[in-house]
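> Compute the structure for the input listed below.
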Amino acid sequence: MSDANPYVRPDVKVLLDMLVAMGGPKMNEIPLADARASYTQMGLLVEADPVPLATITDLACPGPRGDIPLRLYDPRSERAPGPVVMFYHGGGFVIGDLDSHHALCTTIAAELDLPVVAVHYALAPENPFPASDEDCIAATRWVAENGPTLGREATGIVTMGDSAGGHLAIVVAQQLAKSQAKAPVILQVPIYPATDESSDGSMAQFADGYLLTKETMDWFMDCYAPVAGNPLAYPIHGEQAGSPPTLLVTASLDPLRDQGRRYAAALVAAGVECHFMEMKGSVHGFVNLRKAVPSTQADLLAILAQAKLMLARISA
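Numbers count the residues shown, from 1 in each chain. Coordinates of the predicted model:
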């Protein structure tokens, strides 16, 4: 299929057609509290069920604006020192929380057989740029340096997230590379990340009709209020040469697709190991659509299988 007539998976088309039929106001047209609540409630309808785990614990760590809520996931009740996954949720820096990505985090922990610490960073517009970035950096440092308190001694950190969380996974890895934490970042897994200021290419091609819209992205960015050219806001401008091995994932029908492709190319140009996966015929947000779009469960499992292979080689 050409870019003018892109391939859409049958189960993705069913979801897109259903959303058109449902109608209703756009996210940026309703009160912010309602937008946040509807995002979490919609997740209950379209996302797969959580995986039972031995450990699911809410906790918090200190941050620049007060305590940062965290949630620890682990298929084991006790664990020897090893890698810890830091997960940063998506939602355009405006919506999303620990509950919106709860099922996804249980799957990540179960499939990787690793502890996962999810971070609920400060949201915009109440806390614009760089609040979310600073919170995620602080939380990751805390996990790296406070194994006894967490009950999980980290020998290495895996940064992972979707969308805005993919952006944060990259930013945290870049910043921790500049000043050594007790446990280094050994792998980053940004999933359809926001990485640069572009508004052309896939942002224009898939501006409407493919779940995430350009209008919604513009609203997110207005709330987040990033500074152009700042690596914390747009990690494409950061130092790539010091990046850890990377597994970068995009979706072919995503407005953010080309931002992910460009960031992968920048890593390769800097000599960084980068494994690139693009999910054909799928849309932004697919890792949270596994009940409504069954084919995306296989996508997620493929991503986690590749991450597991990379970690096995890195740890060898």
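
> Can I take it that residue 92 is in a helix?
No - read with DSSP: H, G, I helix; E, B strand; the rest coil, residue 92 is coil and lies in no helix.

> quick one: it and residue 289, what's the gap?
Remark: distance between residue 92 and residue 289 (CB to CB, to the nearest Å) = 16 Å. Using the backbone N, CA and C atoms, a C-beta is placed for each residue, glycine as well.

> So for the two, which residue has more residues nearby?
residue 289 (27 against 22; other CB atoms under 10 Å).

> I figured that one hits residue 45, correct?
No - in this structure residue 289 lies outside contact range of residue 45 using CB atoms under 8 Å: 10.0 Å.

> Need the contact partners of whichever helix in the chain runs longest.
Assignment by DSSP state H gives helix 295-315 as the longest helix of the chain. Under the contact criterion CB atoms under 8 Å, 6 or more residues apart in numbering, helix 295-315 has outside partners 9, 11-12, 48, 83, 104, 107-108, 111-112, 114, 156, 158, 160, 186-187, 189, 191, 245, 247, 249, 275, 277, 279, 282, 286-287, 289-290.

> Next, check those residues against the helices and list the overlap.
Filtering those for helices - DSSP H - leaves 11-12, 104, 107-108, 111-112.

> filter those residues to the buried ones?
For the ones in helices among the contacts of helix 295-315, a neighbour count by 16 or more other CB atoms under 10 Å gives the buried set as 11-12, 104, 107-108, 111-112.

> Residue 234: which of those is nearest?
residue 104 (25.1 Å; CB to CB).

> wait, what's in contact with the closest one?
47, 87, 162, 287-288, 300 are the contacts of residue 104 under CB under 8 Å, 6+ apart.

> Now, the residues you listed that are in strands?
87, 162 (DSSP state E).

> now, the most widely separated pair of the contacts of residue 104?
47 and 87 (14.7 Å).

> So between those two, which is more surrounded?
residue 87 (26 against 22).

> Return the set of buried residues in stretch 201-220.
Buried-residue list, stretch 201-220, by 16+ other CB under 10 Å: 202-203, 205-207, 210-214, 216-217, 219-220.

> Start and end of that stretch, how far apart?
19 Å (CA to CA, to the nearest Å).

> Residues touching it, excluding its own?
Counting by CB under 8 Å, 6+ apart, 3, 6, 15-16, 19-20, 26-28, 92-94, 124, 164, 199, 253-259, 283-285 sit against stretch 201-220.

> just the helices in the stretch 1-150 of the chain please.
10-22, 32-46, 102-112, 131-145, 147-150 (DSSP state H, counting those that start in this stretch).

> buried ones in the second one?
Of the residues in helix 32-46, those buried under the neighbour-count criterion (16+ other CB under 10 Å) are 32, 35-36, 39-40, 43, 46.
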